[in-house]
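K.L.:
only geometry, no sequence info:
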């Protein structure tokens with residue numbers, strides 16, 4: 001009898017091949033886990049803020065990757081007009097008309113251990129207009145958005161079983177992060 005190559009699909013990502021003759025049977029393989037520890041995990045980020053607004057989104061990323069969540073909304077009272085003569089105008093979140101709106105940005109960078117615990121670095125940045133201020137630029141007085149910003153980096157650990165970890169930012173904003181395989 002001549003040996004022949006036989007392949008068996010064990011799961012979506014694993015194929016086992018081996019030589020077998022007609023008198024030999026393939027050894028059964030038992031799959032004990034359906035997902036690798038570094039497989040994609042669904043992270044839900046929920047922001048609750050009186051100053052910057054509320055937002056929520058779920059995305060899927062792998063251990064060692066980072067993902068950016070960005071939300072732009074119109075603040076109560078509407079967007080605040082600005083001009084490129086305003087200091088730091090290029091760094092402001094603006095709408096299509098160039099008026100300042102509020103923005104929340106969260107960057108998650110998780111690393112998941114074999115036991116399923118995620119160590120996460122979260123960068124939180126937010127800005128919103130709070131009225132206007134008069135600024136002198138190029139010898140002229142212009143009205144510019146009075147921007148309020150918060151920026152904070154937080155490191156924490158959390159399970160990947162769906163339980164939420166709530167972080168409170170320095171201005172009182174809460175960010176709830178949950179992860180589920």
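P.N.:
Now that the structure is in, tell me what you want to look at. Worth saying up front: this structure is predicted, and the values here are computed from it rather than measured.
K.L.:
Can you tell me which helix or strand of the chain has the lowest average pLDDT?
P.N.:
Counting by mean pLDDT, DSSP states H and E, the weakest-scoring helix or strand in the chain turns out to be strand 15-20, with a mean of 46.
K.L.:
name the element residue 108 belongs to?
P.N.:
Following DSSP states H and E, the helix or strand that holds residue 108 is strand 102-112.
K.L.:
Residue 178 too?
P.N.:
Taking DSSP H and E as the criterion, the element that holds residue 178 is strand 174-180.
K.L.:
what about that strand, distance to the chain center?
P.N.:
10 Å (C-alpha atoms, centre = their mean, to the nearest Å).
K.L.:
could you say what helices and strands that strand packs with?
P.N.:
For strand 174-180, the helices and strands in contact under the criterion 3 or more C-beta pairs under 8 Å, 6 or more residues apart in numbering; DSSP states H and E are strand 41-48, strand 102-112, strand 117-137, strand 140-159, strand 165-168. (Glycine included, C-beta is placed from N, CA and C.)
K.L.:
For the ones you listed, please prepare a markdown table with the additional fields mean neighbour count, distance to residue 58 and mean pLDDT.
P.N.:
As requested, those are arranged in a markdown table below (neighbours: other C-beta atoms under 10 Å; distance: least, C-beta to C-beta, whole Å; pLDDT from 0 to 100):
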| stretch | mean neighbour count | distance to residue 58 | mean pLDDT |
| --- | --- | --- | --- |
| strand 41-48 | 18 | 4 | 97 |
| strand 102-112 | 20 | 12 | 97 |
| strand 117-137 | 17 | 15 | 95 |
| strand 140-159 | 15 | 15 | 95 |
| strand 165-168 | 14 | 15 | 98 |
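K.L.:
For residue 68, find the nearest of those strands.
P.N.:
Across the helices and strands packed on strand 174-180, the minimum distance to residue 68, taken as C-beta to C-beta, is reached by strand 102-112, at 5.0 Å.
K.L.:
which residues touch residue 66?
P.N.:
Residues in contact with residue 66, defined by C-beta atoms under 8 Å, 6 or more residues apart in numbering, are 107-109.
K.L.:
Over to residue 110?
P.N.:
By C-beta under 8 Å, 6+ apart, the contact list for residue 110 reads 41, 43, 61, 63, 65, 118-120, 179.
K.L.:
same thing but at 7 Å, please
P.N.:
For residue 110, the contacting residues are 63, 118-120, by C-beta atoms under 7 Å, 6 or more residues apart in numbering.
K.L.:
Quick check, residue 118 in contact with residue 112.
P.N.:
Yes. Using C-beta atoms under 7 Å, residue 118 makes contact with residue 112 at a distance of 4.8 Å.
K.L.:
Would you mind grabbing the residues shared as contacts by these two?
P.N.:
With C-beta under 7 Å, 6+ apart, residue 118 and residue 112 have common neighbours residue 160.
K.L.:
So what sits opposite residue 46 in the bridge?
P.N.:
Under DSSP bridges, the beta-bridge partners of residue 46 are residue 56, residue 176.
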